[in-house]
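S.K.: Coordinates only, no sequence provided:
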């Protein structure tokens, strides 16, 4: 088994608490509403949504994938950080054991957010993950982030702290 790490950092004009609340704490309801063409549903199938819980994300019809399950590894509401691992689903195929992600939302000098994400891909056997596969996954994640950001910019009272 090998481990490949990938870091991604991007910014938003929105405050970190607002993005964290919408994208992390309320994603189960918000994401399927904002992206019905991509995400059919997100449901907690084990636990209470906190650490150790298992969530099933069912993709919309016509997607490359049917579903993934992820385990919530940690959530820190004070420090605005969230960690989770993709542990099951056709997105992992038979080449990846899991994909672990750590996401942190930090305030920027202009009142916005710096989002830092570290992903670790745990490969099975001698499989080597391609950079373009990592890039494709990150582009999907950025699409979700940008959809939530656009919603929050268009609805300034939503998820206010």
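M.R.: That came through, no problem. The model shown is predicted, which means the values in this text are computed figures rather than measured ones.

S.K.: CA only for contacts and neighbour counts going forward, please
M.R.: Fine.

S.K.: residue nearest the centroid of this structure?
M.R.: Central residue check for the chain by C-alpha atoms, centre = their mean: the C-alpha nearest the mean position is that of residue 141, 6.0 Å away.

S.K.: That one: which element?
M.R.: With elements delineated by DSSP states H and E, residue 141 resides in helix 131-154, which encompasses its position.

S.K.: which residues of this structure fall in helices?
M.R.: Along the chain, counting by DSSP state H, helices occupy 16-20, 27-34, 131-154.

S.K.: Could you report the neighbour count for residue 81?
M.R.: Counted with other C-alpha atoms under 10 Å, the burial measure for residue 81 works out to 19 neighbours.

S.K.: my read: it touches residue 114, true?
M.R.: No: Residue 81 is not in contact with residue 114 according to C-alpha atoms under 8 Å; the separation is 11.9 Å.

S.K.: quick one: common contacting residues for the two?
M.R.: With contacts defined as C-alpha atoms under 8 Å, 6 or more residues apart in numbering, the residues adjacent to both residue 81 and residue 114 are residue 105.

S.K.: Which one, of the helices of the chain, ends up nearest to residue 106?
M.R.: Counting by C-alpha to C-alpha, residue 106 lies closest to helix 16-20 out of those; the figure is 6.0 Å.

S.K.: Quick check: pLDDT value at the residue nearest to residue 15 when sequence neighbours are not counted.
M.R.: Counting by C-alpha to C-alpha, 6 or more residues apart in numbering, residue 15 lies nearest to residue 112, which is 4.6 Å off, once chain neighbours are set aside. The predicted structure scores residue 112 at 97 on the pLDDT scale.
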